[in-house]
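Trainee: Coordinates for the following, if possible.
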Amino acid sequence: MSTSRRAFVKSAGLLSAGAFLAPSLLTAASSAPKSYIGLQLYTVRDAMQKDPAGTLAQVAQLGYTSVEGATYTGSQNFYGMTPATFAKQLKQAGLIMPSSHYRLGEEQYQNQPVQGTMLYGWDKAVDDAAQAGVKYMVCAYLSEAERGNLDHYKLLADRLNKAGERCKKAGLQMCYHNHDFEFMALEGQVPYDVLLRATDKDLVKMELDLYWATKAGKDPVALFQQHPGRFPLWHVKDMDKTPKRDFTEVGSGVIDFKRIFAQAGKSGMKYFFVEQDQTPGSPFDSIKKSISHIKRTLV
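Mentor: The predicted structure is shown next:
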């Protein structure tokens, strides 16, 4: 997580992280999603703070049909609105929100437990997610203090399973969203592999961030082949061609999305979300460029 992103998250008191996805109906002709192209709302976070209704309408006008939320943790609201009110706002814009991000909750804010996390207020979070129309509740990010050693990742797996059991009772699905640190060897093992092995494959699915996995040197297609059906959610963002390998608009970087989208069926992908943590200018210009490429070449 970038410094600027962490600063935004903490200043808002939300302790959330971003992502990007969209739902998919698979056809015989293509494994790529046909009905939904999604946006992680973190990409337009400043606009969402100022004018949620207008921002959602603008996102829909660009052609996006689903969004992923990121502000429930800490606020126990969706962009300042109750679940029912935000659901109405989505409907008015012609959007759905099948997925939303949440934090683990080990990290405190101003020395107080943070509500709306896996560890604090999870029952209410699940009930509110169901009311808002959310299908997937995603553990979005681990702070450095929440990572620890392999035993701590095994504890995380247990907590994900427990959170997943609560989700299942409400007809929802628990997921885990990666960055790059989960792929870095720790005590001779890869934490991401530990999470895949130690979590129940039905209770806990994965939201694969294609950018972060690629940056860590992992092949998303290989992960799909090793764990078929485990990845119902994707984050679709590209990596630029500079030595920094920074974020860029989909289709402007080095990631071979055609190859990855061809394996959507194998992965179990149902929704994918475009996300760009930082943009060179207006985020709306960037997400317009990304959706144009997706429509032209991927779906």
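
Trainee: Do a quick rundown of the strands in the stretch 51-200 of the chain.
Mentor: With DSSP state E, counting those that start in this stretch applied, the stretch 51-200 of the chain shows strands at 66-69, 96-102, 136-139, 173-177, listed in chain order.

Trainee: and Gln58, which of those is closest to it?
Mentor: Among the strands of the stretch 51-200 of the chain, the nearest to Gln58 by CB to CB is strand 66-69 (11.7 Å). For the C-beta atoms, the positions are set from N, CA and C on the backbone; glycine is no exception.

Trainee: hmm, who's touching that closest one?
Mentor: Contacts with strand 66-69, where a contact means CB atoms under 8 Å, 6 or more residues apart in numbering, come from 19-23, 36-41, 56, 59, 78-79, 90, 95-101, 132, 134, 138, 271, 273.

Trainee: Check the offset of the top helix by length along the chain from the chain's centre.
Mentor: Longest helix in the chain by number of residues (criterion: DSSP state H): helix 150-169. Distance, stretch centre to chain centre, for helix 150-169: 18 Å (CA atoms, centre = their mean, to the nearest Å).

Trainee: Which positions in it come out as buried?
Mentor: His152, Tyr153, Lys154, Leu156, Ala157, Arg159, Leu160, Lys162, Ala163, Gly164, Arg166, Cys167 (16 or more other CB atoms under 10 Å).

Trainee: In the protein, where is pLDDT below threshold?
Mentor: 1-34 (pLDDT under 70).

Trainee: Could you pull up the contacting residues of Val114?
Mentor: Residues in contact with Val114, defined by CB under 8 Å, 6+ apart, are Leu15, Thr73, Gly74, Arg103, Gly105, Glu107, Gln108, Tyr120.

Trainee: Could you identify the most distant pair in the residues you listed?
Mentor: The distance between the two most remote of these (CB to CB) is 12.3 Å, for Thr73 and Gln108.

Trainee: Neighbour count: these two, which is higher?
Mentor: Ranked by neighbour count (other CB atoms under 10 Å), Thr73 and Gln108 place Thr73 first, with 29 against 12.

Trainee: Correct me if wrong: that one contacts Arg103.
Mentor: Yes: with contacts counted by CB atoms under 8 Å, Thr73 reaches Arg103, the gap being 4.4 Å.

Trainee: how near is Leu56 to Glu249?
Mentor: Distance, Leu56 to Glu249, using CB to CB, to the nearest Å: 21 Å.

Trainee: Look at Trp234 and tell me its secondary structure.
Mentor: strand (DSSP: H, G, I helix; E, B strand; the rest coil).

Trainee: neighbours around the closest residue in space to it that isn't next to it in sequence, how many?
Mentor: Excluding the flanking residues, the one nearest Trp234 by CB to CB, 6 or more residues apart in numbering is Phe272, at 4.0 Å. If you count neighbours by other CB under 10 Å, Phe272 ends up with 35.

Trainee: Ok, Gln225 next?
Mentor: For Gln225, the neighbour count with other CB under 10 Å is 12.

Trainee: Using CSV, list the CA coordinates for whatever helix or strand it lives in.
Mentor: If you go by DSSP states H and E, Gln225 is part of helix 220-226. Taking Å, rounded to 0.1, in the frame of the first residue of the first chain, the C-alpha atoms of helix 220-226 are listed here in CSV:
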residue,chain,number,x,y,z
PRO,A,220,-2.1,-15.5,-12.5
VAL,A,221,-2.8,-18.3,-15.1
ALA,A,222,-0.6,-20.7,-13.1
LEU,A,223,-2.5,-19.9,-10.0
PHE,A,224,-5.8,-20.6,-11.8
GLN,A,225,-4.5,-23.9,-12.9
GLN,A,226,-3.3,-24.9,-9.5
